[in-house]
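K.L.:
Quick one, structure for this:
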Amino acid sequence: MATVREVRLKSRPVGNPTHDNFEIAAVELKDPGPGEVQVKNLWMTVDPYMRGRMNDVKSYAPPFQLGEVMTGGAVGQVTASNDANLKEGDLVLSQLGWREAFTAPANTLQKLDPRGLPVQAFLGAAGMPGLTAYAGLLRVAALKEGDVVFVSGGAGAVGSMVAQIAKAKGHRVIASAGGPEKVAFLKSIGVDHAIDYKAEKDLTAAILAGAPDGIDVYFDNVGGDHLEAALNAARLFARFAICGMISIYNATEPQPGPSNLALLIGKNIRMEGFIVSHHFDMMPKYIEDLSGWAREGKVTWKETVFEGIEKAPDAFMGLFKGDNLGKMLVKLA
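P.N.:
Okay, the predicted model is just below:
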C-alpha cells in the first residue's frame, strides 16, 4: 500500500486560522474493494465557507472534527477501479479534497466530462462558485432588464462571475475589491465602475459615483460596511442576494449589524440569504450559458494557485487576507 498525505484539523481557531490549527499526516492508501475506486487528486479548492466548519457549531454543513481529515471539493483521476462505472484514467469530482489520494465507493463520486474546459475550472467558474453567482443573481436577486448591479468582493471566485454574468446580460455593474491589482482586473472584465474599498473613506459615495441613481441589485460577499453602504445606495424595490460575509468570519466577538436596516422598510428592499446547494437544479442551464459566454469571449476567470498538499493551509489562510485573485486553488499533482 502506498503512503499519502492529508490535512487534519488539529485545533479550532480563535479569530484568524493559523498553522497551529492544521497538521499534515501520512496515511496508508488501501486497495479498492468491491464497488470502490482509488483516486489521485489533481486539484483541490479552499473556500471561505470552510472557516465556519472549523467551529464546533451547528450550521448548514457539519463541522470538521478534531484529529480528522478535512474535506472539500477536488478533481482527481482514477488510478485503480473495482467498479464497472469508472475505469482507470477517468476524471472525477468529489468532496474528498485536503488529501493527495483516497479510496472510496464509486457511487460517491461524479464522473467529469471537461467539455473542453480546464479540469480545475469545475472547482471554480464551472463549479460551485460559478453556480453560486448564477443562481444568486438570476434566481435569488431576480435580475431584470435595466437593473444596476453592485457586487462586493468582485475580484473573488464568486464575485468576478457575478460581474461578468451581469455584463453578459447587458447590465451596468459596480464592483468593489481591495487594491490596485484587483481593481485593474475588475476593469479588464468589463466592470463599469470599480471601487478600491481599501482606498475609500466613504463607500456609499463611491457606489453612488458609479450609480448616481442608485442600485437595484446587491450581491453580498462581504457584509459589514459594504452591506451598510449598499442599503444607503439602494433604489426603491432593490433586491439583495446575501451570499457571504467574509468580513466577520474570523470575528471573536459578535459584530454589530448595519445601523441603517430600517431602510429596508422605506425602500421596500427584499433581502434573501441563500446556499448554493439549494439551487443545483440550475447547473445544466448554467453550464450551457457559461460555455456560450466563454466562446463569445464574454466570460473569463482567474486562478491563484498554491502547489502541494503542505501549502493547503497557506492557501486557505490567504483567503482572509485577500491574497487571491479569482479562485484560490491547490495543485496536488
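K.L.:
what sits opposite the closest residue to residue 3 other than its chain neighbours in the beta ladder?
P.N.:
Closest residue to residue 3 apart from its sequence neighbours, by CB to CB, 6 or more residues apart in numbering: residue 26 at 5.2 Å. C-beta: built from backbone N, CA, C; applies to glycine. Taking DSSP bridges as the rule, residue 26 bridges to residue 5.
K.L.:
And residue 331, its phi and psi?
P.N.:
The phi/psi pair for residue 331 (degrees, to the nearest 10) reads phi -90, psi 130.
K.L.:
State the number of residues packed around it.
P.N.:
Look at residue 331: counted by other CB atoms under 10 Å, it has 17 neighbours.
K.L.:
can you check residue 180 too?
P.N.:
Residues near residue 180, counting by other CB under 10 Å: 12.
K.L.:
Can you read off the pLDDT for it?
P.N.:
In the prediction, the pLDDT value recorded for residue 180 is 97.
K.L.:
can you pull the contacts of the closest residue in space to it that isn't next to it in sequence?
P.N.:
Distances taken as CB to CB, 6+ apart put residue 196 closest to residue 180, at 6.6 Å, once the chain neighbours are dropped. Applying CB atoms under 8 Å, 6 or more residues apart in numbering, we find residue 196 in contact with 176, 177, 178, 179, 180, 182, 183.
K.L.:
Looking at strand pairing, list the partners for residue 196.
P.N.:
In beta-bridge terms (that is, DSSP bridges), residue 196 pairs with residue 177.
K.L.:
Mind pulling the model confidence for it?
P.N.:
98.
K.L.:
Ok, the one 3 residues further on next?
P.N.:
Per-residue confidence for residue 199 comes out at a pLDDT of 97.
K.L.:
could you say what helices and strands the lowest-mean-pLDDT helix or strand in the chain packs with?
P.N.:
Here the helix or strand of the chain ranked lowest by mean pLDDT, DSSP states H and E is helix 283-295, holding a mean of 93. In this structure, helix 283-295 packs against helix 128-135, helix 157-168, with contacts taken as 3 or more CB pairs under 8 Å, 6 or more residues apart in numbering; DSSP states H and E.
K.L.:
quick one, that helix and helix 128-135 angle?
P.N.:
Using axes from the mean of the first three to the mean of the last three CA atoms, to 10 degrees, the direction of helix 283-295 lies 100 degrees away from that of helix 128-135.
K.L.:
Quickly run through the sheet partners of the helix or strand following helix 283-295, with directions.
P.N.:
Sequence order places strand 303-307 as the next helix or strand after helix 283-295, per DSSP states H and E. Strand pairing for strand 303-307, determined by DSSP bridges: strand 327-331 (parallel).
K.L.:
any idea how far the residue nearest to the spatial centre of the chain is from residue 204?
P.N.:
In the chain, the C-alpha nearest the mean C-alpha coordinate belongs to residue 129, at 4.2 Å (CA atoms, centre = their mean). For residue 129, the distance to residue 204 equals 28 Å [CB to CB, to the nearest Å].
K.L.:
cool, and residue 16?
P.N.:
Counting by CB to CB, the gap from residue 16 to residue 204 is 28 Å.
K.L.:
Next: residue 85.
P.N.:
From residue 85 across to residue 204, the span is 54 Å (CB to CB).
K.L.:
the more surrounded of these two?
P.N.:
Neighbours were tallied for residue 85 and for residue 204 using other CB under 10 Å; the higher tally belongs to residue 204 (16 against 12).
K.L.:
Report all helices and strands that the helix or strand encompassing the more buried one contacts.
P.N.:
Secondary structure from DSSP H and E places residue 204 in helix 203-210. Here helix 203-210 touches strand 172-177, strand 193-196, helix 224-233, going by 3+ CB pairs under 8 Å, 6+ apart.
K.L.:
Just say which of the ones you listed is most tucked in.
P.N.:
Mean neighbour count (mean count of other CB atoms under 10 Å) peaks for strand 172-177 among the helices and strands packed on helix 203-210, with a mean of 27.
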